[in-house]
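can't give you the sequence, but here's the structure:
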């Protein structure tokens, strides 16, 4: 089963294609359409370990000059040093304005490669090949690129749309369980802010080893459903001046958790899951009459590896102050008036935010 949608942006529309065994065909189509004779590939090291031979074979078959650079796995790769080294490499290797860059990996690879593509020669063609569930449903769509700074996550970057997104389900076959739940969090986010049916669709994640064998068509449909939600939101607000902020539900808390835990004790999806529980508590504290059952029912799938004692609340508050969504020292959160009714609220009082953090600490005990 192969399906696609067009993602519309100010720079034009581009296809999001999802299915099994779509990678070779779509890469070949891009080469035929654009006629590129040279390209660069930035690939995640874990992905390359399992699928590098296949990727090499496919690009060798195109009879083009291609260069592969391996990106170390982990949030640490989204650094200024890594970005500078990659841009320097491309420029010294003769990159041209029409030389495509293929980002093959998860969210870290895509964010980093996207900013490299956006900033090299003021923009070279970018093709996202997301190989994790999180990247397929979220980070590969919508044009956000970025790297981290010592003061916070994704504080350096640009809006830069890809030419295509190729979500090849076969790459998911080598994902560890932790990466499945990493992506599940972002899928649950779409259920919270847009489509309640997604909460039921996520029942396929009860046994990750069976998803590609038994539920591949359901997974394909779920990924496309999430991609369509994000595409519609991005089309309405490409540069996050309004409703696109709804996609950050749970993320103000999540980014603080990631920073204070030094980006290595929690992965992004785990932090987002905890962040959504905190955001629901804060929603309740600010007037919403909802409960967290639709998200909490998936709690047993998460195995957190951080002790609450490693997350001092004063440091979490400090980290939140450096978040991009803070304006004039006022905390701004994406909260819920009800399910599928997201709203951006400013919260000045510390006590309701403290209660939200207590929800997180209770989960980690």
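Here it is on my side, so go on. Small disclaimer: the values here were computed from a predicted structure and weren't measured. Residues are numbered from 1 along each chain as shown.

in the longest helix seen in the chain, what's buried?
Assignment by DSSP state H gives helix 216-236 as the longest helix of the chain. Residues of helix 216-236 classed as buried by neighbour count (16 or more other Cβ atoms under 10 Å): 216, 219-220, 222-231, 233-235. Any C-beta I mention is one placed from the backbone N, CA and C, and that applies to glycine too.

likewise stretch 23-32?
23-24, 26-27, 30-31.

could you dump those to TSV with distance to residue 321?
Formatted as TSV, the buried residues of stretch 23-32 follow (distance: Cβ to Cβ, whole Å):
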residue	distance to residue 321
23	42
24	47
26	43
27	43
30	43
31	47
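
all strands for the protein, in order.
Taking DSSP state E, the strands of the chain run over residues 2-9, 12-19, 38-44, 65-71, 101-105, 126-130, 144-149, 152-159, 164-168, 331-338, 341-347.

Now do the closest residue to residue 208 other than its chain neighbours against residue 205, distance only.
Once flanking residues are discounted, residue 208 sits nearest to residue 180: 4.3 Å by Cβ to Cβ, 6 or more residues apart in numbering. Distance, residue 180 to residue 205, using Cβ to Cβ, to the nearest Å: 6 Å.

Can you pull the residues that touch both of those two?
residue 211 (Cβ atoms under 8 Å, 6 or more residues apart in numbering).

Give me the more crowded residue out of the two.
residue 205 (22 against 19; other Cβ atoms under 10 Å).

Quick check: phi and psi at the residue in the chain sticking out farthest from the centre.
Relative to the centre of the chain, and counting by Cα atoms, centre = their mean, the farthest-placed residue is residue 63 at 32.0 Å. Phi and psi for residue 63, reported as degrees, to the nearest 10, are phi 60, psi 50.

Going by residue numbers, what spans are helices in this structure?
Under DSSP H, the chain gives helices at 23-34, 45-61, 80-92, 107-119, 133-134, 177-193, 197-201, 208-214, 216-236, 251-260, 268-285, 293-296, 313-321, 350-364.

Give the full set of residues in contact with the residue nearest to residue 178 when sequence neighbours are not counted.
Leaving aside its sequence neighbours, residue 178 sits nearest to residue 267 (Cβ to Cβ, 6+ apart; 6.6 Å). Taking Cβ under 8 Å, 6+ apart, we find residue 267 in contact with 178-179, 182.

Please pick the buried ones from the residues you listed.
179, 182.

Adding pLDDT and distance to residue 283 as columns, could you present the contacts of residue 267 in CSV?
Shown next, in CSV, are these (pLDDT from 0 to 100; distance: Cβ to Cβ, whole Å):
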residue, pLDDT, distance to residue 283
178, 92, 28
179, 94, 28
182, 95, 24
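
that older thread, next, format the strands of the chain as a markdown table and append mean pLDDT, mean neighbour count and distance to residue 136.
Below are the strands of the chain laid out as a markdown table (pLDDT from 0 to 100; neighbours: other Cβ atoms under 10 Å; distance: least, Cβ to Cβ, whole Å):
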| stretch | mean pLDDT | mean neighbour count | distance to residue 136 |
| --- | --- | --- | --- |
| strand 2-9 | 94 | 17 | 12 |
| strand 12-19 | 96 | 19 | 7 |
| strand 38-44 | 98 | 23 | 14 |
| strand 65-71 | 97 | 17 | 18 |
| strand 101-105 | 98 | 28 | 12 |
| strand 126-130 | 98 | 28 | 5 |
| strand 144-149 | 94 | 23 | 15 |
| strand 152-159 | 92 | 18 | 19 |
| strand 164-168 | 98 | 26 | 4 |
| strand 331-338 | 96 | 21 | 22 |
| strand 341-347 | 96 | 16 | 22 |
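
Figure out which of those strands is closest to residue 114.
Residue 114 lies closest to strand 144-149 among these, at 3.1 Å (Cβ to Cβ).

Just checking: what are the partner strands of that closest one?
strand 152-159 (antiparallel) (DSSP bridges).

contacts for the strand it pairs with?
75, 78, 80, 83, 111, 114-115, 118-119, 143-149, 238-239, 255, 258-259, 263, 319, 322-324.

tell me the two of the buried residues of stretch 23-32 that are most distant?
23 and 31 (12.6 Å).

tell me, what residue is most central in this protein?
Central residue of the chain (Cα atoms, centre = their mean): residue 139, at 3.1 Å.

I figured that one hits residue 130, correct?
Yes: under the criterion of Cβ atoms under 8 Å, residue 139 makes contact with residue 130 at 7.2 Å.

tell me the mean pLDDT over the longest helix of the chain?
Helix 216-236 shows an average pLDDT of 97 in the prediction.

who does it touch, helix- and strand-wise?
Helices and strands touching helix 216-236, by 3 or more Cβ pairs under 8 Å, 6 or more residues apart in numbering; DSSP states H and E, are strand 2-9, strand 12-19, helix 177-193, helix 197-201.

Who are the packing partners of the last one?
If contacts are counted by 3+ Cβ pairs under 8 Å, 6+ apart, helix 197-201 sits against helix 177-193, helix 216-236.

what residues are up against the nearest residue to residue 113 once chain neighbours are set aside?
Of all residues not flanking residue 113 in the chain, residue 103 sits nearest, at 3.4 Å (Cβ to Cβ, 6+ apart). By Cβ under 8 Å, 6+ apart, the contact set of residue 103 is 42, 109-110, 112-114, 117, 126-129, 162.
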